[in-house]
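Chemist: predicted structure and sequence below. I'll ask about it afterward.
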Amino acid sequence: MIELMILGFLAEGPLHGYELRRKMSQLHGYARTFSDGTVYPAINRLVASGALVREMGRGQAAAQKGTLRLTDFGLQRLRQHLRDADGYDITDTGRYFVVLAFLSHLPDEAERRAVLRRRLDFLDQPASFFYDGGHPLRAKEIEDPYRRGMLVIAKATSKAERAWLRQQLDITTERHRP
């Protein structure tokens, strides 16, 4: 996801490393901050692969300041990440939101719709945080009010997301009612 965020934000224009890291932290929210030790090695790998170029210029007090720019190869790599989004990129909400944040960089509508379809298919499957054997427990089956609250919140969020996905995919609600 770090690589996807780097490529995605740089597809919107050149950035300095600290600006990029700030945008990444804002996108991923309070759940995860990004240290220099995480972001800069990923940037260096992308520069070495030819996906990014680093252009050095003058900063404050004559210090060198690097600006990162996406190459054509980097744009193709970004699009491949988006096109191939599957597995945890679809099932993990945090990872999926990173994919969704940059999905408009995938120019082919059919490919964008395929990613959304994979997410909808995942959300349409019965799931819970709590199970009795292989049976997913529903909120009404849970006595603990906090665990029940988790399920109530998750159900409302899932319902809203499925409605949005169906709207984006032009699917009528009657055809998909889990």
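Modeler: Now that the structure is in, tell me what you want to look at.

Chemist: in terms of secondary structure, what does the strand or helix carrying K155 contact?
Modeler: Using DSSP states H and E, K155 falls within helix 145-169. With contacts defined as 3 or more CB pairs under 8 Å, 6 or more residues apart in numbering; DSSP states H and E, helix 145-169 has these neighbours: helix 109-123. Yep, even glycine has a C-beta here, placed from its N, CA and C like the rest.

Chemist: report the angle between the helix holding K155 and helix 109-123.
Modeler: 150 degrees (axes from the mean of the first three to the mean of the last three CA atoms, to 10 degrees).

Chemist: averaged pLDDT, helix 145-169. What do you get?
Modeler: Mean pLDDT, helix 145-169: 95.

Chemist: please enumerate the helices of the chain.
Modeler: 2-11, 17-28, 36-49, 72-83, 88-91, 93-102, 109-123, 145-169 (DSSP state H).

Chemist: nearest to F129, of those helices?
Modeler: helix 145-169 (5.7 Å; CB to CB).

Chemist: okay, buried residues for the closest one please.
Modeler: R148, M150, L151, R162, L165, R166 (16 or more other CB atoms under 10 Å).

Chemist: compute the inter-axis angle for that helix and helix 93-102.
Modeler: 30 degrees.

Chemist: re the thing from before, can you tell me which two in the buried residues of helix 145-169 are farthest apart?
Modeler: Applying CB to CB across the buried residues of helix 145-169, the maximum distance is between R148 and R166, 26.9 Å.

Chemist: closest to Q80 out of the buried residues of helix 145-169?
Modeler: Nearest to Q80 among those, with distances taken as CB to CB, is L165, at 22.6 Å.

Chemist: N44 and R117, how far apart?
Modeler: 36 Å (CB to CB, to the nearest Å).

Chemist: run the chain-centre distance for the helix holding K155.
Modeler: Averaged C-alpha coordinates place helix 145-169 at 18 Å from its chain's average position (CA atoms, centre = their mean, to the nearest Å).
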